[in-house]
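A.B. asks: Sequence plus the predicted model coming up.
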Amino acid sequence: MVAELRADEITRILTGTVAHSVGRAVDMGIVEFHGPDGEEVMVHAQCPFRIVHETKIILGSADMRYAQKGAGARAFDEFRMIYDARATKISKILGQLRPSVDSVTVGRSGELTVSWEQAFRLEVFPDCSGRFEAWRVLVRGGAHHVFPPGLD
């Protein structure tokens with residue numbers, strides 16, 4: 001049986017959650033959401049991604065490549081990259097706004113777009129032809145949905 005990407009289930013899991021925070025684990029981007037019943041929902045992006053506000057990119061996975069001014073040689077390991085500074089700022093904004101996810105789109109080639117109030121959106125776009133995990137949508141202690149399907 002060929003594994004199938006459950007776009008309908010991913011949409012159901014994310015829609016109505018509240019965008020909570022942005023961070024990383026090594027070079028994997030993490031966007032966390034709180035569900036209406038207190039569940040923790042996350043998007044783990046191991047491929048290129050960005051967070052956009054209206055028409056401006058406010059955070060991109062490539063920001064992990066650039067150290068903050070004066071951060072030193074261990075900037076990546078010490079979470080002192082441009083990505084980390086911007087993720088902290090975005091997390092504070094999300095904490096104040098508490099925006100709800102109002103739209104989720106899953107493309108056939110693995111594109112994932114999660115939009116939330118105040119014109120924010122997460123755009124995830126796999127760029128590898130191999131069968132490596134590009135992203136995962138998960139409920140802590142529950143369902144996991146992986147692109148490409150069949151890797152979980």
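C.D. replies: Structure received. Numbering: from 1, shown residues only.

A.B. asks: Would you map the strands across the chain?
C.D. replies: Secondary structure of the chain (DSSP state E): strands at 18-25, 28-34, 40-45, 49-53, 56-60, 101-106, 112-116, 120-124, 135-139, 144-147.

A.B. asks: Let's have the ones you listed in TSV, adding distance to Arg74, mean neighbour count and mean pLDDT.
C.D. replies: Yep, even glycine has a C-beta here, placed from its N, CA and C like the rest. Compiled in TSV, the strands of the chain are given as follows (distance: least, Cβ to Cβ, whole Å; neighbours: other Cβ atoms under 10 Å; pLDDT from 0 to 100):
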stretch	distance to Arg74	mean neighbour count	mean pLDDT
strand 18-25	15	19	98
strand 28-34	19	21	98
strand 40-45	24	21	98
strand 49-53	24	19	98
strand 56-60	22	16	98
strand 101-106	35	18	97
strand 112-116	32	22	98
strand 120-124	28	22	98
strand 135-139	28	20	97
strand 144-147	32	18	94
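
A.B. asks: Switch the ones you listed over to a markdown table; also include distance to Thr11.
C.D. replies: Listed next are those as a markdown table, based on distance: least, Cβ to Cβ, whole Å:
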| stretch | distance to Thr11 |
| --- | --- |
| strand 18-25 | 15 |
| strand 28-34 | 13 |
| strand 40-45 | 12 |
| strand 49-53 | 18 |
| strand 56-60 | 23 |
| strand 101-106 | 4 |
| strand 112-116 | 9 |
| strand 120-124 | 14 |
| strand 135-139 | 10 |
| strand 144-147 | 10 |
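
A.B. asks: Which of those strands sits closest to Ile90?
C.D. replies: With respect to Ile90, and counting by Cβ to Cβ, the nearest of these is strand 18-25 at 4.9 Å.

A.B. asks: Mind giving me the packing neighbours of that closest one?
C.D. replies: Using 3 or more Cβ pairs under 8 Å, 6 or more residues apart in numbering; DSSP states H and E, the elements in contact with strand 18-25 are strand 28-34, helix 82-97.
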